[in-house]
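Student: Structure here, sequence nowhere to be found:
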């Protein structure tokens, strides 16, 4: 049992090292820009992906977004920005129930794929 305890401690130390290395990498990045996206209701960003020239954010919104009305209580929101922070477009989609975008990925074909629930 003592040997098992040492293993757990070593594993915890390894996870801590990985976390610290990851945090150092994040802290060393240069802050380029920041924007506020949303409306007066609930807005949640769930995932981000990038391509060579764009940034995609997917999540959920209540009450529509950027002039696009929502279909129900919560809807999927997908927003595309250029790398310089300029918004290119916003898409809101949903069913008559609660919807959310949980993942986004840019494929090798440059198409944007999202996953979530409806």
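Tutor: In hand now; what should we look at? Keep in mind it's a predicted model, so treat the numbers as computed, not measured.
Student: okay, which residue is most central for the chain?
Tutor: residue 47 (1.7 Å; C-alpha atoms, centre = their mean).
Student: Do I have it right that it meets residue 102?
Tutor: Yes: if you go by C-beta atoms under 8 Å, residue 47 and residue 102 touch, sitting 6.4 Å apart. (Each C-beta comes from the backbone N, C-alpha and C, glycine too.)
Student: Which neighbours do those two have in common?
Tutor: Both residue 47 and residue 102 are in contact with residue 58, where contact means C-beta atoms under 8 Å, 6 or more residues apart in numbering.
Student: in the protein, which spans are strands?
Tutor: Taking DSSP state E, the strands of the chain run over residues 43-50, 54-61, 75-82, 87-93, 100-106, 112-117.
Student: how about JSON lines for those strands, with distance to residue 69 and mean pLDDT added?
Tutor: Formatted as JSON lines, those follow (distance: least, C-beta to C-beta, whole Å; pLDDT from 0 to 100):
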{"stretch": "strand 43-50", "distance to residue 69": "15", "mean pLDDT": "89"}
{"stretch": "strand 54-61", "distance to residue 69": "11", "mean pLDDT": "91"}
{"stretch": "strand 75-82", "distance to residue 69": "9", "mean pLDDT": "92"}
{"stretch": "strand 87-93", "distance to residue 69": "7", "mean pLDDT": "92"}
{"stretch": "strand 100-106", "distance to residue 69": "17", "mean pLDDT": "94"}
{"stretch": "strand 112-117", "distance to residue 69": "19", "mean pLDDT": "94"}
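Student: Distance to residue 37 added to those strands, as CSV?
Tutor: CSV is the format used below for the strands of the chain (distance: least, C-beta to C-beta, whole Å):
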stretch, distance to residue 37
strand 43-50, 7
strand 54-61, 7
strand 75-82, 6
strand 87-93, 8
strand 100-106, 13
strand 112-117, 16
